[in-house]
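1. Give me a model of this one.
(2 chains)
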Protein chains: 2
Amino acid sequence: MDGDVLASLSQDDAEWAPVGRALAALRATSTDEVSRAVAACADLGIPVVSRGAGTGLSGGANAVDGCLVIDLSRMNQVLEIDVENMICVVQPGVVNNDLKAAVAEHGLWYPPDPASAPWSSIGGNVSTNAGGLCCLKYGVTRDYVLGLEVVVGGPAGAYGTVTRLGRRTTKGVAGYDLTGLFVGSEGTFGVITEITLRLRPARREAPRTVVGAFPSLVAAGAAVAAVTAAGLLPTALELLDRACLEAVEDWKHLGLEADAEALLLAQIDTPGESGQLEAAAMAEVFEKAGALWAAVSTDEQEAEALFAARRLAYPALERLSPVLTEDVCVPRSQVPAMLASIVEIGERHGVSIATIAHAGDGNLHPLIRTPAGDEAARVAAQAAFEEILSSALAKGGTVSGEHGIGLLKREGLRKELPAEVQAMQLALKQTLDPLNLFNPGKAI
Amino acid sequence: MDGDVLASLSQDDAEWAPVGRALAALRATSTDEVSRAVAACADLGIPVVSRGAGTGLSGGANAVDGCLVIDLSRMNQVLEIDVENMICVVQPGVVNNDLKAAVAEHGLWYPPDPASAPWSSIGGNVSTNAGGLCCLKYGVTRDYVLGLEVVVGGPAGAYGTVTRLGRRTTKGVAGYDLTGLFVGSEGTFGVITEITLRLRPARREAPRTVVGAFPSLVAAGAAVAAVTAAGLLPTALELLDRACLEAVEDWKHLGLEADAEALLLAQIDTPGESGQLEAAAMAEVFEKAGALWAAVSTDEQEAEALFAARRLAYPALERLSPVLTEDVCVPRSQVPAMLASIVEIGERHGVSIATIAHAGDGNLHPLIRTPAGDEAARVAAQAAFEEILSSALAKGGTVSGEHGIGLLKREGLRKELPAEVQAMQLALKQTLDPLNLFNPGKAI
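-> I've put the predicted structure just below:
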């Protein structure tokens, strides 16, 4: 394999996470290939790092020294769509949006929608328990995974053993929830080679979009808290600050006007007149909370442009300079305080921080920007990064809402979890992967 | 403690599950008491069986010989309702419906609604990952558990160690999902002493009820499949057969007419006109699928009586004779075939089987009735019980949709899970509870 290809398969999208030197990469095309590779690696003591599209933001898919990278992006088939039972069976390399399109042809819907949905693959979504925009109402990836085919070792048998976890039924409590345990385990228990997903009926109407423009980040945060207090449950409630809007506009020319410090985008999918009433109520909540203006979008194209801007914010900023991505999640009531804290930390460290957020979930993505090659800025950015984690923890939050621990958040994890819980986590890893073969040094 | 009291605390509601002789019972009033009891039991090698209201149907809370029963029903406080963040923190002994009532005062809703909700406690709901009627649309208990306080041993430290799993935020992926792993583990990893639950905003309108009467169980099953095919997502889609209706009517005189072999009850909570349209569409699907009649209930009292009948079916039958409760779950498309199989198995073994079902989830509860003291009937019932499990497995189903494995389904579990998955389950148990102190012999 070409050295450049091996290098590109050796890292994900996380800035500054350490990247090891892989020994080789396998572009797997079948479960059997994965199984044989894992068995051979176990014999030779070669660590295994599996990866999908490589869009991760925590270094979870980065190579470790001397490892075999198993690239699953070519295992990208939708194997089955069972319309009667509203489930599908897919290979891990299927891109999230491709899966959505495939099931939509049958009147079905796969809700989880990380902003990376046009590029990220389901295997990675499962391994990080990816969230997204609509989890506010529809939950995260784990809520949709019914079963997995995995290549494992340890108690299950020799390394390379292929087995099935979970079920195809809507409900089931037969034994411990190993499926749920593997979701979000970042490839540290084995390699996922097939995924059975629960689907929902497609929505009959396009959702409504409500936009509010706010004079400050903190005012937008207060509006988020007011939405919850009003008993409104939007599908998505997203926040974009001015820097994000400008970066997207510079790049894509969607016609966005950055006339405010922050925008809130709400999506409501309650059908019919009730949805209309909820949308109007949402606009009113925005206004009462101090919006410069708020409106129910009547222009579908405009609404789509706004959500496109939300999805494009990260690549738009990354295009301009290296970006260190945060992923803290705090209780919703702490959103205004957390936004204020981010501004204060940025100013104090002299770093530029742009913020996008799944604000309705309390999941904030401050994006710390540093000029390429500026070592002092990089040191300041990393200090700000760790301080934001501490601030979130002090507010009852977590260091990762949806991106995973990977390599970047290990220190944060140590701060978050009680020592005895860390010991339990480690014991699970040692039990299910006694050789420490699978993605060593990640996630825990 | 009185011998009768100890005996009553030594078993749950499962017929014929073996009951051991407990050494003693502790009616715990605090986490600290539980912690000290667990530490002492570990020192003395006394197994610990924790229990809540004792409404389980698989023997999961039955005493084992020489154990300490820890009764958590007096730890029944709602400790906190955080309205802003839509979460609550409760002790394990809180009864499901009491929790619902407490949060409803704040405009919030805890959806999981096992039929036992008036009696069962949240701790038991969590330990079995209880389902219920509305999980079709709103998910099961696991979907609502954000965090747990648990008393554990093993890798976490000495037995009696108190620690916290999970979080208070809506999303979070920091480390392996130990919270989800403890949910449904039937007390085999430790004792749950506090639970943090996610809530939803209360619904603004009463849901609509659609009733269909069918000439046979299998016709009703076909209607269930047709509902899914029509893309309708009711909150609940319940089935009751004639025997259940008659048993409830005999007991409670709700004015139900058992003019059909099976009833389907659908509940729809889409608000406004859209809900009205969906309800009408549901009635039409019932009719096209062969209903004798179908109607959107315009009488709230009548609708309430029908759902009350559904919830009372199990105790109404139990009142008449011992009942062996099944809990199989099959893919929705297999519901008609599974219902036919139940009828056939009942006839062949000469046992009377009444069926209630969360039909929309494919989760069926055939209730095998046997005259008290009739040993031959009991043998036949047990043969039918095992055959129903096998039939569900052959249809791609599971031996337990929501009641748990306990003692009654262990043989079924062995049939369902691949040997290597069973080995993984056992390894997890040995890792988290190396002394095999917590509820030994259950769940796996």
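2. mind checking how far the residue sitting nearest the centre point of chain A is from residue A:327?
-> Chain A has residue A:130 as the residue nearest its centroid, 3.8 Å off, counting by Cα atoms, centre = their mean. From residue A:130 across to residue A:327, the span is 11 Å (Cβ to Cβ, to the nearest Å). Every C-beta, even on glycine, is put in place using the N, C-alpha and C of the backbone.
3. picking that back up, surely the residue nearest to the centre of chain A and residue A:141 touch.
-> Yes - contact status for residue A:130 versus residue A:141: in contact at 4.9 Å, counting by Cβ atoms under 8 Å.
4. anything in contact with each of these two?
-> For the pair residue A:130 and residue A:141, residues contacting each of them under the criterion Cβ atoms under 8 Å, 6 or more residues apart in numbering or on different chains are residue A:112.
5. and stretch A:423-440, what's its mean pLDDT?
-> Stretch A:423-440 carries an average pLDDT of 98.
6. That stretch: how far from the chain's middle?
-> Taking Cα atoms, centre = their mean, to the nearest Å, one finds stretch A:423-440 lying 23 Å from the centre of the chain it belongs to.
7. if we can go back for a sec, just the pLDDT at the residue nearest to the centre of chain A, thanks.
-> At residue A:130, the predicted lDDT confidence score is 96.
8. show me the residues around it that make contact.
-> Taking Cβ under 8 Å, 6+ apart as the definition of contact, the neighbours of residue A:130 are A:112, A:114, A:116, A:120, A:124, A:140, A:141, A:402.
9. repeat that with 10 Å
-> Contacts here follow Cβ atoms under 10 Å, 6 or more residues apart in numbering or on different chains; on that basis residue A:130 touches A:55-56, A:96, A:112-117, A:120, A:122, A:124, A:140-142, A:183-184, A:402-404, B:173.
10. counting contacts, what elements does the helix or strand in which residue A:309 is found pack onto?
-> Element membership for residue A:309, per DSSP states H and E: helix A:300-320. Packed against helix A:300-320, as judged by 3 or more Cβ pairs under 10 Å, 6 or more residues apart in numbering or on different chains; DSSP states H and E, are the following elements: strand A:208-214, strand A:236-241, helix A:242-252, strand A:262-268, strand A:323-325, strand A:352-358, strand A:363-369.
11. For chain B, which of these is the nearest?
-> When those are ranked by proximity to chain B, the top entry is strand A:363-369, at 5.2 Å, counting by Cβ to the nearest Cβ.
12. quick one: that closest one to strand A:352-358, angle?
-> Computed with axes from the mean of the first three to the mean of the last three Cα atoms, to 10 degrees, the direction of strand A:363-369 lies at 160 degrees from that of strand A:352-358.
13. From the chain's centroid, how far away is strand A:363-369?
-> Relative to the mean C-alpha coordinate of its chain, strand A:363-369 is positioned 13 Å out (Cα atoms, centre = their mean).
14. So is it next to chain B?
-> Yes - contact check for strand A:363-369 against chain B, using Cβ under 10 Å from any Cβ of the partner chain: residues in range are residue A:363.
15. That strand vs strand A:236-241, what angle?
-> Here strand A:363-369 runs at 20 degrees with respect to strand A:236-241, directions being taken by the same axes, to 10 degrees.
16. quick one on the thing from earlier: common neighbours of residue A:130 and residue A:327, please.
-> Contact with both residue A:130 and residue A:327 is made by residues A:402, A:403, A:404, B:173, according to Cβ under 10 Å, 6+ apart.
17. Quick one: the strands in the stretch 51-200 of chain A, in order.
-> Taking DSSP state E, counting those that start in this stretch as the criterion, the stretch 51-200 of chain A contains strands spanning A:68-71, A:78-82, A:87-90, A:108-109, A:145-152, A:161-166, A:191-198, A:200-201.
18. Alpha carbons only: can I get the first one in CSV?
-> It stands for strand A:68-71. Once non-C-alpha atoms are left out, strand A:68-71 reads as follows in CSV (Å, rounded to 0.1, in the frame of the first residue of the first chain):
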residue,chain,number,x,y,z
LEU,A,68,-3.2,-3.0,11.5
VAL,A,69,-5.8,-0.5,10.4
ILE,A,70,-9.0,-2.2,9.3
ASP,A,71,-10.8,0.1,7.0
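19. and the shared contacts of residue A:130 and residue A:327 as CSV, adding secondary structure and distance to residue B:11?
-> Putting those into CSV (DSSP: H, G, I helix; E, B strand; the rest coil; distance: Cβ to Cβ, whole Å) gives the following:
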residue, secondary structure, distance to residue B:11
A:402, coil, 43
A:403, coil, 47
A:404, coil, 44
B:173, coil, 40
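20. what's the closest of those to residue B:50?
-> Compare each of the shared contacts of residue A:130 and residue A:327 with residue B:50 using Cβ to Cβ and the shortest gap goes to residue B:173, at 28.8 Å.
21. who are the neighbours in contact with the spatially closest residue to residue A:385 that is not a sequence neighbour?
-> Spatial nearest neighbour of residue A:385, excluding adjacent residues (Cβ to Cβ, 6 or more residues apart in numbering or on different chains): residue A:324 at 5.5 Å. When contacts are counted by Cβ under 10 Å, 6+ apart, residue A:324 is found next to A:14-17, A:57, A:351, A:353, A:366-370, A:378, A:381-382, A:384-385, A:388, A:408.
22. circling back: and the contacts of residue A:130, which are buried?
-> Using 16 or more other Cβ atoms under 10 Å in any protein chain shown as the burial test, those include A:55-56, A:96, A:112-117, A:120, A:122, A:124, A:140-142, A:183-184, A:402-404, B:173 as buried.
23. domains of chain A?
-> Structurally, chain A divides into domains by automatic domain parsing as follows: A:3-71, A:78-201, A:208-394.
24. Ends of the shortest one, what's the gap?
-> Using Cα to Cα, to the nearest Å, the gap from the first to the last residue of domain A:3-71 comes to 15 Å.
25. tell me the mean pLDDT over that domain?
-> With pLDDT averaged residue by residue, domain A:3-71 scores 95.
26. same thing with stretch A:362-369?
-> Predicted confidence along stretch A:362-369 averages 95 (mean pLDDT).
27. Return the alpha-carbon coordinates of it using CSV.
-> In CSV, the C-alpha atoms belonging to stretch A:362-369 read as follows (Å, rounded to 0.1, in the frame of the first residue of the first chain):
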residue,chain,number,x,y,z
GLY,A,362,-27.2,21.3,26.2
ASN,A,363,-24.6,19.9,23.8
LEU,A,364,-22.2,22.7,22.8
HIS,A,365,-19.4,22.6,20.3
PRO,A,366,-17.1,25.5,20.9
LEU,A,367,-14.6,25.5,18.0
ILE,A,368,-11.2,26.8,19.1
ARG,A,369,-9.4,28.3,16.1
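28. for that stretch, the distance to its chain's centre please.
-> Centre to centre, stretch against its chain (Cα atoms, centre = their mean), the figure for stretch A:362-369 is 12 Å.
29. do stretch A:159-172 as well
-> Average the C-alpha atoms of stretch A:159-172, do the same for its chain, and the two points are 24 Å apart (Cα atoms, centre = their mean).
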